[in-house]
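> predicted model follows, preceded by the sequence.
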Amino acid sequence: MSSTSQHAPPTAPSAPAEPPPPGRSWQGVRALLTRLHFYAGVFVAPFLLVAALTGLVYAFTPQLDQLVYGDQLRVEQTGGQPRPLAEQIAAARTAHPEGTLASVITPPGPDDTTRVVLSVPELGEKQRTVFVDPYTAKVQGALTTWSGSTPLTTWLDDLHRNLHLGETGRLYSEVAASWLWVIAAGGLVLWLGRSRGQRAKSVRGVVLPDRSAQGVRRTRSWHAATGVWLALGLFFLSATGLTWSQYAGERFGQFLDVVKGGAPKLDPRLPGAPPAAADGTGEHAGHGGAGQSAAADPADFEKALAAARKADLDGTVTLTPPADASSAWVVAQSDNVWPVHYDKVAVDTATGEVTSRTRWADYPLTAKLSKLGVQGHMGVLFGLANQIVLALVAIGLILVTVWGYRMWWQRRPTREGRKSALGKPPVRGAWRRLPLPVLVVGVPVTAALGWALPVLGVTLLGFLLVDVTAGLIRRRRRA
């Protein structure tokens with residue numbers, strides 16, 4: 001009996017099914033951070049690079065000032081008792097009778113000159129500062145200054161803050177400060193996560209570059225490990241830079257007002273004086289040459305200084321004449337090097353009494369942190385050590401930025417027919433993979449950050465528009 005085997009007809013091979021889109025998971029957070037870090041790095045890094053370069057130079061302005069203006073800032077020879085302050089002021093006014101006496105700054109150290117500051121109308125917001133040898137009352141020169149800064153320091157400060165473009169130019173530095181902490185935090189999270197999953201599970205694998213790696217992996221290793229070392233410094237510079245920026249600084253001021261965390265204000269009125277009038281005779285009257293300060297007696301500077309010293313205001317102080325007949329003299333400590341001294345007193349020179357006082361010890365914590373943060377940002381708070389740390393952070397930021405762009409170039413396609421000048425950005429659509437709790441919390445937090453840091457919010461919207469536009473263009477090309 002024969003049997004025939006039945007064979008099923010062959011079926012055509014079916015096309016492989018497309019993998020389902022990845023579901024929501026914490027990997028979506030990493031994907032979103034990667035794309036945000038990429039966009040912020042590409043578009044914001046130029047601002048960071050300029051801020052780092054200009055900040056690196058500005059950090060050493062004390063040494064540059066001594067090099068350029070040493071003849072004005074330093075005395076020729078120390079020794080003996082300083083001449084009376086009234087005599088020093090008289091010498092300055094004899095050499096420079098123009099303008100009015102705005103203030104006098106006593107020497108910070110035994111080798112420094114006394115600074116007699118004149119308000120000259122044609123200089124606008126700037127002043128003319130006359131430098132006097134306190135031991136001989138000899139005038140050693142005069143400079144056009146701004147808030148006590150020399151012309152060179154003023155020029156470098158404007159370069160760092162606004163690129164000499166005025167208020168509009170301040171946007172550049174606020175963009176840099178607004179995004180610096182975001183880029184640093186995002187990069188830190190990405191590197192720590194990558195280190196746990198793909199590299200040595202040790203501190204060494206996180207904080208030191210992998211010298212055995214090649215190509216883009218080697219560059220990424222140096223970029224990330226250096227960023228870990230810089231993280232605290234970058235967070236500090238970002239936070240302190242934002243406190244006196246144009247828009248975020250205004251928000252910060254509003255916050256201090258709400259929590260009553262601002263610096264205490266000195267009452268400059270004499271006892272029994274009427275409240276400041278709205279016609280310009282109040283606290284700010286007389287600035288620019290009008291009022292009693294126009295005829296301030298040099299001898300009264302001596303009386304105000306004696307009363308301040310009696311009230312334990314030692315070190316360098318700034319003496320400011322009264323704005324009008326109902327106001328007192330103001331003497332303020334201006335020692336910005338740790339341990340700082342910022343006490344202020346109002347003095348009635350007719351009686352030699354202190355009528356009002358504010359103490360650094362009474363500053364709220366927020367005001368102290370803000371004040372100290374600014375001095376640290378400027379490289380003043382801890383002297384040369386502060387300057388060196390700032391310089392190292394600036395150099396590190398420059399290197400990290402260059403390495404970031406190098407990675408972008410190294411990731412470019414190199415095969416024939418697919419060559420490109422730069423690497424492709426991370427895949428779009430990462431937000432669709434975010435866990436729902438992250439979306440629920442992340443959206444209002446991002447909106448709040450956008451309100452508190454307006455420049456960050458506006459530029460983030462700009463990045464989203466670029467991303468959406470790029471996606472639409474790709475879809476049309478595929479269609």
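Everything's here; your move.

> spatially nearest residue to E167 (excluding sequence neighbours)?
Residue nearest to E167 in three dimensions, not counting chain neighbours: Q246, with 6.9 Å by CB to CB, 6 or more residues apart in numbering. Where you see a C-beta, it was placed from the backbone N, CA and C, and this is true even at glycine.

> contacting residues for the one you found?
Applying CB atoms under 8 Å, 6 or more residues apart in numbering to Q246 gives the contacts 167, 170-171, 174.

> so how far is G169 from it?
Applying CB to CB, to the nearest Å, the value for Q246 to G169 is 10 Å.

> could you do G450 as well?
As judged by CB to CB, G450 and G169 stand 22 Å apart.

> then D65?
According to CB to CB, D65 and G169 sit 23 Å apart.

> more neighbours: which of these two?
The neighbour count for D65 versus G169, taken as other CB atoms under 10 Å, is higher for D65 (18 against 14).

> helices or strands up against the helix or strand where the more buried one lies?
Taking DSSP states H and E as the definition, D65 sits inside helix 61-73. Under the contact criterion of 3 or more CB pairs under 8 Å, 6 or more residues apart in numbering; DSSP states H and E, helix 61-73 touches strand 139-145, helix 151-162.

> okay, buried residues for that helix please.
61, 64-65, 69, 72-73 (16 or more other CB atoms under 10 Å).

> now for the residues you listed: which two are most distant?
Longest distance between any two of these is 14.8 Å, between T61 and Q72; criterion CB to CB.

> quick one on the thing from earlier: next, the angle from the helix holding D65 to strand 139-145.
Here helix 61-73 runs at an angle of 140 degrees relative to strand 139-145 (axes from the mean of the first three to the mean of the last three CA atoms, to 10 degrees).

> what's whichever helix or strand comes after helix 61-73 packed up against?
Tracing the chain past helix 61-73, the next element assigned as helix or strand by DSSP H and E is helix 85-95. Using 3+ CB pairs under 8 Å, 6+ apart, the elements in contact with helix 85-95 are strand 100-105, strand 114-119, strand 127-132, strand 139-145, helix 298-310.

> tell me how far helix 85-95 lies from the chain's centre.
Per CA atoms, centre = their mean, to the nearest Å, the displacement of helix 85-95 from the mean C-alpha position of its chain is 37 Å.

> can you dump the C-alpha atoms of it in PDB for me?
Provided in PDB are the C-alpha atoms of helix 85-95 (Å, rounded to 0.1, in the frame of the first residue of the first chain):
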ATOM      1  CA  LEU A  85      42.000 113.800  56.200                       C
ATOM      2  CA  ALA A  86      40.900 117.400  55.700                       C
ATOM      3  CA  GLU A  87      44.400 118.300  54.500                       C
ATOM      4  CA  GLN A  88      44.300 115.400  52.000                       C
ATOM      5  CA  ILE A  89      40.900 116.500  50.700                       C
ATOM      6  CA  ALA A  90      42.000 120.100  50.400                       C
ATOM      7  CA  ALA A  91      45.000 119.000  48.300                       C
ATOM      8  CA  ALA A  92      42.800 117.000  46.000                       C
ATOM      9  CA  ARG A  93      40.400 120.000  45.600                       C
ATOM     10  CA  THR A  94      43.200 122.400  44.900                       C
ATOM     11  CA  ALA A  95      44.400 120.100  42.100                       C
END
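
> what's the average pLDDT for it?
Here helix 85-95 scores 96 as its mean pLDDT.

> same check, this time on stretch 253-261
Averaging pLDDT along stretch 253-261 gives 93.

> how about residues contacting that stretch?
262, 364-367, 370.

> now, those that are in helices?
365-367, 370 (DSSP state H).

> which of the contacts of stretch 253-261 sit farthest apart?
G262 and L365 (11.6 Å).

> more crowded one of these two?
Per other CB under 10 Å, whichever of G262 and L365 has more neighbours is G262, with 15 against 8.

> give me the below-cutoff pLDDT ranges for this structure.
Where the chain drops to pLDDT under 70, the residues are 1-26, 195-201, 275-295, 413-432, 479.

> out of the contacts of Q246, which are inside helices?
Using DSSP H, those in helices are 167, 170-171, 174.

> make JSON lines from the contacts of stretch 253-261 and add distance to L49 to it.
Output for the contacts of stretch 253-261, formatted as JSON lines (distance: CB to CB, whole Å):
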{"residue": "G262", "distance to L49": "34"}
{"residue": "P364", "distance to L49": "36"}
{"residue": "L365", "distance to L49": "34"}
{"residue": "T366", "distance to L49": "32"}
{"residue": "A367", "distance to L49": "33"}
{"residue": "S370", "distance to L49": "27"}
